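A.B. asks: How does the following fold in three dimensions:
(4 chains)
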There are 2 protein chains.
Amino acid sequence: MLVVLARCRVHYDGRAKSELGSGDRIIMVKPDGSFLVHQSKKREPVNWQPPGSFVSVEERNGKVILRSVRRKPKETLEVELEEIYLASLFRAEDYEELDLTGSEAEMAEMIFKNPELIEPGFRPLFREKPVGSGIVDILGKDNRGNLVILELKRRKADLHAVSQLKRYVEALGGEHGNVRGILVAPGLTSGARRLLEKEGLEFRKVQPPKRGEFKRGKQKTLF
Amino acid sequence: MLVVLARCRVHYDGRAKSELGSGDRIIMVKPDGSFLVHQSKKREPVNWQPPGSFVSVEERNGKVILRSVRRKPKETLEVELEEIYLASLFRAEDYEELDLTGSEAEMAEMIFKNPELIEPGFRPLFREKPVGSGIVDILGKDNRGNLVILELKRRKADLHAVSQLKRYVEALGGEHGNVRGILVAPGLTSGARRLLEKEGLEFRKVQPPKRGEFKRGKQKTLF
DNA sequence: TGGTTGATATCGCAA
DNA sequence: TTGCGATGTCAACCA
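C.D. replies: Just a heads-up that it's a prediction; the model follows:
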């Protein structure tokens, strides 16, 4: 990994196009081709290149230029180094991967193990089930035999989430009889609630579970 | 800005929760509170804290710990430094902002200046117009007086984009007469095309314009 | 490779 | 602060 602290200018052209005038930034080049230029604010790099890009060093008019090119889509990033304060090559040894909990995938596992979190008699049948237009999170049946579509969100659900659920319900509703759609999330935005009710869809309040923690309140521990 | 190259462990708890075992990483702490931990792969940090977080340094069991706390949502990130290879404090002077072109906003400007890019007689009336559920990109009328909703995408439009457009059309369709929905984008995914046709919505192929470049083909320069 | 969707998404804007 | 939508979103997963 290469880390450079420098005053520089940055030029990008590809899916979009950008220019960044002279200033002090941190430049990071990773062995997988990832290329990051960070200003002193925000979590996001001001310019970047994703993994798989190819980096090279040139000299133009006495200035060192870091150039990164990506094929498909064709994108070019050029960093014109004006003054280098520090450059460090770092042979990073790292065999560990992030272990994360509290994802939507874990919400789905929890519901398959405890279907009564949705309602008594709910039976989950499919996970990530492709339907006419899109992929349903969980497809199951209720105790009356109606098809039930669950759309899970690990955080407060918004209008997009309701549209998504509605799209799945309409994709299945044409072929089958009555199809229920249930949005499963820790909460709803005001607009999502309005649209959900207008469309005759339902909501179940469920928090994404975190491994190694106890749950409180209505949502009991799994087992 | 602080840059540290170190072998470390990382612990995060907040909206989700994660653990990362010992390995070499690059740690970056920005003056606005942004906190990044990068492994040697991918564009994304493996762990992070967004701007507005508060960083502190502690010592625990003879180990230095970088700790960043965020209020609302309550989130904590701890980096346990096991071996520090390099630590650098960088007083970055930077008064420049990114100048980017080729955005959806510029697509909208282009359409307001050249409405015939959509069709002869199209008249754009509102930009970012709130409707019952959501905000329409461009609301206008065609030469027969029908309401027309444009949903713009700077890249290939997907199912999500069609759902969004459909949501707006249905929000206005209830109150007004015939309402047309047009997806304006450089392309469509296969599924998006299927759904668009099924729903009786329309498509216009338009590329987002880049300032300082000439256009080719059907889409003429604006000048 | 294209399609689809999740994400500790982040970020900007408006009410 | 909440809601809403764009992003050069990125990244994972599947057909």
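
A.B. asks: Next, see if the longest helix along chain A gets close to chain B.
C.D. replies: As assigned by DSSP state H, the longest helix anywhere in chain A is helix A:159-173. Yes: Helix A:159-173 reaches chain B (C-beta under 8 Å from any C-beta of the partner chain) through A:Leu159, A:His160, A:Ser163, A:Gln164, A:Lys166, A:Arg167. Just so you know, the C-beta spots here come from the backbone N, C-alpha and C atoms, and that holds for glycine as well.

A.B. asks: what's the closest of these to DNA strand D?
C.D. replies: Using C-beta to the nearest atom of the strand, A:Leu159 comes nearest to DNA strand D of the residues of helix A:159-173 next to chain B, at 3.9 Å.

A.B. asks: Run a quick neighbour tally on that closest one.
C.D. replies: Neighbourhood size, A:Leu159 [other C-beta atoms under 10 Å in any protein chain shown]: 21.

A.B. asks: what sits against it?
C.D. replies: A:Thr189, A:Gly191, A:Ala192, A:Leu195, B:Ser133, B:Gly134, B:Arg167 (C-beta atoms under 8 Å, 6 or more residues apart in numbering or on different chains).

A.B. asks: Return the members of these classed as buried.
C.D. replies: A:Ala192, A:Leu195, B:Ser133, B:Gly134, B:Arg167 (16 or more other C-beta atoms under 10 Å in any protein chain shown).

A.B. asks: in which helix or strand would I find the second one?
C.D. replies: Looking back up the chat, that one is A:Leu195. Here A:Leu195 sits within helix A:190-198, counting by DSSP states H and E.

A.B. asks: And the closest residue to DNA strand C within chain A, how close does it get to B:Lys153?
C.D. replies: Proximity of chain A to DNA strand C (C-beta to the nearest atom of the strand) peaks at A:Gly134, 2.6 Å away. Using C-beta to C-beta, to the nearest Å, A:Gly134 is found at 17 Å from B:Lys153.

A.B. asks: and what of A:Arg204?
C.D. replies: Distance from A:Arg204 to B:Lys153, by C-beta to C-beta: 32 Å.

A.B. asks: So which of the two has more stuff around it?
C.D. replies: Set A:Arg204 next to B:Lys153 and count neighbours by other C-beta under 10 Å: B:Lys153 wins out with 23 against 15.

A.B. asks: backbone phi and psi for that one, please?
C.D. replies: phi -130, psi 130 (degrees, to the nearest 10).

A.B. asks: Find the residue closest to it in space, skipping its chain neighbours.
C.D. replies: Nearest residue to B:Lys153, sequence neighbours excluded (C-beta to C-beta, 6 or more residues apart in numbering or on different chains): B:Ala185, at 3.8 Å.

A.B. asks: Surely that neighbour is in contact with B:Leu196?
C.D. replies: No: between B:Ala185 and B:Leu196 there is no contact under C-beta atoms under 8 Å: 10.6 Å.

A.B. asks: shared neighbours of the two, anything?
C.D. replies: B:Phe203.

A.B. asks: From the recorded domain assignment, give the ranges for chain A.
C.D. replies: A:2-89, A:104-205 (automatic domain parsing).

A.B. asks: and stretch A:61-74 with chain B, contact?
C.D. replies: No: between stretch A:61-74 and chain B, judged by C-beta under 8 Å from any C-beta, nothing touches; the nearest distance is 9.5 Å.

A.B. asks: can you list the buried ones among the contacts of A:Leu159 in TSV and add pLDDT?
C.D. replies: Output for those, formatted as TSV (pLDDT from 0 to 100):
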residue	pLDDT
A:Ala192	98
A:Leu195	98
B:Ser133	96
B:Gly134	98
B:Arg167	98
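
A.B. asks: OK, contacts around the residue of chain A found nearest DNA strand D?
C.D. replies: Per C-beta to the nearest atom of the strand, A:Gly191 is where chain A lies closest to DNA strand D, at 2.1 Å. By C-beta under 8 Å, 6+ apart, the contact set of A:Gly191 is A:Asp158, A:Leu159, B:Ser133, B:Gly134.

A.B. asks: Just give me the neighbour total for the first one.
C.D. replies: A:Asp158 is surrounded by 18 other residues when neighbours are defined as other C-beta under 10 Å.

A.B. asks: pLDDT below threshold where in chain A?
C.D. replies: Along chain A, segments meeting pLDDT under 70 span A:175, A:214-223.

A.B. asks: the strands in chain A, which residues?
C.D. replies: A:2-13, A:17-29, A:35-38, A:47-49, A:54-60, A:63-70, A:75-89, A:99-101, A:123-131, A:134-141, A:147-152, A:179-185, A:202-205 (DSSP state E).

A.B. asks: Nearest to A:Ala171, out of the ones you listed?
C.D. replies: Closest to A:Ala171 of the strands of chain A, according to C-beta to C-beta: strand A:123-131, at 4.4 Å.

A.B. asks: Strand partners (parallel or antiparallel) of that closest one?
C.D. replies: Paired with strand A:123-131 in the same sheet, following DSSP bridges, are strand A:134-141 (antiparallel).

A.B. asks: for the partner strand, the distance to its chain's centre please.
C.D. replies: In terms of C-alpha atoms, centre = their mean, to the nearest Å, the centre of strand A:134-141 is found 20 Å from the chain centre.

A.B. asks: near DNA strand C, which residues of chain A?
C.D. replies: A:42-44, A:72, A:98, A:100, A:102-105, A:133-135, A:137, A:151-155, A:164, A:167 (C-beta under 7 Å from any atom of the strand).
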